[in-house]
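Asks: give me coordinates for this.
(one chain, ligands or ions: 1)
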Amino acid sequence: MPFTGPHGHGLDPCGLVVVGNADRDWREQREQAFWCHFECFRRLLGDDGVLYIKDADFATNGEAADARAAEEAAGREGETE
Ligand SMILES: [Zn+2]
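Replies: Numbering: from 1, shown residues only. Model prediction:
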């Protein structure tokens with residue numbers, strides 16, 4: 001089902017995952033995913049600017065992982081033994 005129309009956003013489809021018992025071990029947690037247009041979620045939240053996910057330069061999970069790996073590699077190169 002395409003997410004298009006007046007509520008469409010470049011980030012759609014969007015999913016919101018609620019993690020119950022988030023302070024417990026993963027096996028003790030419960031998860032439920034909700035699906036919503038990004039704009040509808042933003043309005044529901046009364047977006048006050050905390051949704052930095054929408055910033056064009058906000059890293060994807062892969063980009064963030066690559067950046068962390070690059071920083072780690074640079075840190076190792078800087079080490080002297
Ligand atoms: Zn909607």
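Asks: can you pull the buried residues of whatever helix or strand Ala70 lives in?
Replies: Using DSSP states H and E, Ala70 sits in helix 61-78. Going by neighbour count (16 or more other C-beta atoms under 10 Å), nothing in helix 61-78 comes out as buried. The way it works is simple: take the backbone N, C-alpha and C, and place the C-beta from them, glycine included.
Asks: give me the nearest residue to the spatially most central residue of the chain, chain neighbours excluded.
Replies: Taking C-alpha atoms, centre = their mean as the criterion, Ile53 is the residue nearest the geometric centre of the chain, at 6.4 Å. Sequence neighbours aside, Leu11 is the residue nearest to Ile53 in space, at 7.0 Å (criterion: C-beta to C-beta, 6 or more residues apart in numbering).
Asks: quick one: the lowest-mean-pLDDT helix or strand in the chain to chain centroid distance?
Replies: The helix or strand with the lowest mean pLDDT-type score in the chain, counting by mean pLDDT, DSSP states H and E, is helix 38-45 (a mean of 88). Averaging C-alpha positions (C-alpha atoms, centre = their mean, to the nearest Å) puts helix 38-45 15 Å from its chain's average.
Asks: brilliant, that's me finished.
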